[in-house]
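In: sharing a model that was predicted from the sequence below.
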Amino acid sequence: MTYLVPALILAGCGILAGVLLTVAAKVFYVEVDERIGKISEALPQANCGACGYAGCADYASAIIEKGAPTNLCRPGGSEAAGKIAAILGKAAEDVVPMVAVVHCNGDCNATQKDFVFTGVKSCKAAKRFYAGDGACKYGCIGLGDCAEVCEHDAVKIENGVAKIIPSLCGACGQCAAACPNHLISIKPLNKHIDVLCSSAANGKATKLACKNGCIGCKICEKKCPTGAITVSDFHASIDYEKCTGCGECMNACPVKVIHSCEK
């Protein structure tokens, strides 16, 4: 009897707890639309956040519960959008192919290092020391943080500068998030004119630091027939929604910092 009573009490507590958990599960049960799981499976599970949601599961929930567009998954592209549309029984929405671009062309032939960085091979680590080891404090540090996070192997470091391989790029934005100098943006794949400089220094200082830098002369801004290119903080930038790819800015640029990056 010494052991029987405690055992019965323990068993009773276990049974009571099981009953309470079962009742709670029934009372607080929230029905989940089975389409959410199917949509999540149709996504590439990159969980990159490029769609504007926390991950693939969150995006799938937003499509069903909030009516989010079905064409926001950049890595999945048209294939994922088509699968989602099929699950919902609706026509697939158009997907604009996107690609990453590095706004820097300060390679080893155009600029130089201020000092030899011997720490951890990381752009973020190097930036903590005098804003990086390069003469241009706005340019590509070239230690490959962007390449490290790219799951598609679409980023390569060539001659000290990150380069994007468009055919491999999923436009997930992971490389852009990893760059401490914010040199990478995501643009429509069919837009080929890019400004390959992000320097916010004045023209004289930029040219002293990098031969390939933008001097902020605004000639490109004046030549653009659609107002797609503007100069602020001493460097030009392109509004890809307005850009027609005519090449007027590229032809007018006296320092050739604007390139046609069509592959």
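Out: Nice, I can see it.
In: roughly how far apart are Ile229 and Ala200?
Out: Separation of Ile229 from Ala200 (C-beta to C-beta, to the nearest Å): 17 Å. All C-beta spots, glycine's among them, are computed from the backbone N, C-alpha and C.
In: and these two? which has more neighbours close in?
Out: Ile229 (25 against 14; other C-beta atoms under 10 Å).
In: surely the more buried one touches Thr244?
Out: No - if you go by C-beta atoms under 8 Å, Ile229 and Thr244 don't touch, sitting 11.2 Å apart.
In: phi, psi for the nearest residue to Gly170 once chain neighbours are set aside please.
Out: Closest residue to Gly170 apart from its sequence neighbours, by C-beta to C-beta, 6 or more residues apart in numbering: Pro75 at 3.8 Å. Phi and psi for Pro75, reported as degrees, to the nearest 10, are phi -60, psi -30.
In: repeat for the one 3 residues further on
Out: With angles defined as degrees, to the nearest 10, Ser78 sits at phi -70, psi -30.
In: find the helix or strand that the residue nearest to it when sequence neighbours are not counted is a member of.
Out: Spatial nearest neighbour of Ser78, excluding adjacent residues (C-beta to C-beta, 6+ apart): Val95 at 4.6 Å. Using DSSP states H and E, Val95 sits in no helix or strand.
In: repeat that for the one 4 residues further on.
Out: For Val99, the element it lies in under DSSP H and E is strand 98-102.
In: for that strand, which strands pair with it and how are they oriented?
Out: Take DSSP bridges as the rule and strand 98-102 pairs in its sheet with strand 184-188 (antiparallel).
In: stretch 138-154 - what's its average pLDDT?
Out: Looking at stretch 138-154 alone, the average pLDDT works out to 96.
In: next, the buried residues of that stretch.
Out: 138-147, 149-150, 152, 154 (16 or more other C-beta atoms under 10 Å).
In: with stretch 196-211 instead?
Out: Neighbour-count burial for stretch 196-211 flags Leu196, Cys197, Ser198, Ser199, Ala201, Gly203, Ala205, Thr206, Lys207, Ala209, Cys210 (criterion: 16+ other C-beta under 10 Å).
In: want to throw the residues you listed into JSON lines with distance to Val101?
Out: Below are the buried residues of stretch 196-211 laid out as JSON lines (distance: C-beta to C-beta, whole Å):
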{"residue": "Leu196", "distance to Val101": "8"}
{"residue": "Cys197", "distance to Val101": "12"}
{"residue": "Ser198", "distance to Val101": "11"}
{"residue": "Ser199", "distance to Val101": "16"}
{"residue": "Ala201", "distance to Val101": "21"}
{"residue": "Gly203", "distance to Val101": "23"}
{"residue": "Ala205", "distance to Val101": "24"}
{"residue": "Thr206", "distance to Val101": "19"}
{"residue": "Lys207", "distance to Val101": "23"}
{"residue": "Ala209", "distance to Val101": "21"}
{"residue": "Cys210", "distance to Val101": "18"}
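In: between those, which is closest to Tyr240?
Out: Nearest to Tyr240 among these: Leu196, at 14.7 Å, using C-beta to C-beta.
In: which one is Phe115 nearest to, not counting chain neighbours?
Out: Going by C-beta to C-beta, 6+ apart, Phe115 has Asp133 as its nearest residue, at 5.4 Å.
In: and that neighbour, how far from Thr118?
Out: On the measure of C-beta to C-beta, Asp133 and Thr118 end up 10 Å apart.
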